[in-house]
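Sequence plus predicted model, see below.
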Amino acid sequence: MASMRDIKRRKASIQSTGQITKAMKLVSTVKLQKSRQKAENSKPYFDMMYGTISSMLKKSGNIDHKYLKAGGSGKKAVIAITSNRGLAGGYNNNIVKLIVGNPELKAEDTCVYAIGRKGRDGLSKKGYEIKGDYSEVINEPVYQDAADLTKELLGSFGRGEIGEIYLAYTSFKNTVVHIPKLIKLLPFTMEAGEDGEHETEKAQALMNYEPNEETVLDMIIPKYMSSLIFGALQEAVASENGARMTAMDSATNNAEEMLGKLELQYNRARQGSITQELTEIIAGANAIS
């Protein structure tokens, strides 16, 4: 059995750790309330943007546009949104596993635009090329950050340096449920089953573009892409704070449980020490008499 001194030292260490995890939980809770509100407020806009683009293209017939067909390169780009800090359970690792485990995104054929140091470092260790590092964006994301990244990616897509663009992020469902997602941004494709569902509508009313298809899609597609990236950033921040709050709550509870066990061990050790001292005193008294 460990000595009373060792147990006291361990108790002090766990108490200190527990105070830190409790403080981090409180901080994450406050941040979660703010980030959750932002994510929930902005989600309808991004859903509407995606729905609008889908509806337009369904009613457009066969359009030959650079953003609607794969680029000339076999290289794929993936935007990986993680956090700059750890202590958030499996939040960061889930995104890394999502990308690494996708057979379409092999390390030799994929370049990464990293938003978050944890994802950047994790994917770099797996052999992925880090084409761009935007880790500071995740601290306080604004729409312009998404627009700047969109501009760079569309430039590479237009020059034929990359043929497909993906987005990996964590979707915020509620405080404790966060779902890693991988979606394809370009070339734009319909979701499975949507074509048949709207076949009659498409046949009845084709979309007309003014001044022409090329000009309109050149304006709309970048906005669609920026909107999805910014929406993903908002949900990722809320998911990160939710994951960290849950992880720190679990760590705090574990610390309290360990302290309870150590308190019991300490009391037993103390009782054993007292019993031994009494035994020695009695034995000494008997020897004298």
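The structure has been received and is ready for your questions.

switch to C-alpha atoms for all contacts and neighbour counts from now on
Noted.

can you pull out the helices in the stretch 101-250 of the chain?
Secondary structure of the stretch 101-250 of the chain (DSSP state H, counting those that start in this stretch): helices at 117-125, 143-158, 194-197, 199-204, 213-288.

Give the ranges of residues in the stretch 51-200 of the chain that sit below the confidence cut-off.
Along the stretch 51-200 of the chain, the parts satisfying pLDDT under 70 run over 60-61, 189-200.

mind redoing it with 50?
For the stretch 51-200 of the chain, the stretches with pLDDT under 50 are 192-200.

before we move on, back to that, and among the helices of the stretch 101-250 of the chain, the most buried is which?
helix 117-125 (a mean of 20; mean count of other CA atoms under 10 Å).

before we move on, back to that, would you turn the helices of the stretch 101-250 of the chain into JSON lines with distance to Thr21?
Below are the helices of the stretch 101-250 of the chain laid out as JSON lines (distance: least, CA to CA, whole Å):
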{"stretch": "helix 117-125", "distance to Thr21": "20"}
{"stretch": "helix 143-158", "distance to Thr21": "32"}
{"stretch": "helix 194-197", "distance to Thr21": "47"}
{"stretch": "helix 199-204", "distance to Thr21": "55"}
{"stretch": "helix 213-288", "distance to Thr21": "5"}
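
And those: which comes nearest Lys43?
Set against Lys43 and scored by CA to CA, the helices of the stretch 101-250 of the chain come closest in helix 213-288, at 6.6 Å.

In contact with Glu240, which residues?
Ser83, Ala88, Tyr91 (CA atoms under 8 Å, 6 or more residues apart in numbering).

wait, isn't the first one in contact with Arg120?
What it means is Ser83. No. Because the distance of 9.4 Å does not satisfy CA atoms under 8 Å, Ser83 is recorded as not touching Arg120.

and Ile14, helix, strand or coil?
helix (DSSP: H, G, I helix; E, B strand; the rest coil).

nearest residue to it other than its sequence neighbours?
Sequence neighbours aside, Ala255 is the residue nearest to Ile14 in space, at 6.2 Å (criterion: CA to CA, 6 or more residues apart in numbering).

Contacts only, for that neighbour.
Counting by CA under 8 Å, 6+ apart, the residues that Ala255 touches are Ile14, Gln15, Thr17, Gly18.

And these, which of them are buried?
Among the contacts of Ala255, those classed as buried by 16 or more other CA atoms under 10 Å are Ile14, Gln15, Gly18.

contacting residues around the second one?
Right, Gln15. So Gln15 contacts Ala255, Leu259 (CA under 8 Å, 6+ apart).

can you tell me how far it sits from Ser73?
Plainly put, Gln15 is 56 Å away from Ser73 if you go by CA to CA, to the nearest Å.

likewise the last one?
Using CA to CA, we find Gly18 at a distance of 52 Å from Ser73.

same thing with the first one?
For Ile14, the distance to Ser73 under the criterion CA to CA works out to 54 Å.

Look up the closest residue to Gly132, ignoring the ones flanking it.
Nearest to Gly132 is Tyr113, by CA to CA, 6+ apart, at 4.6 Å.
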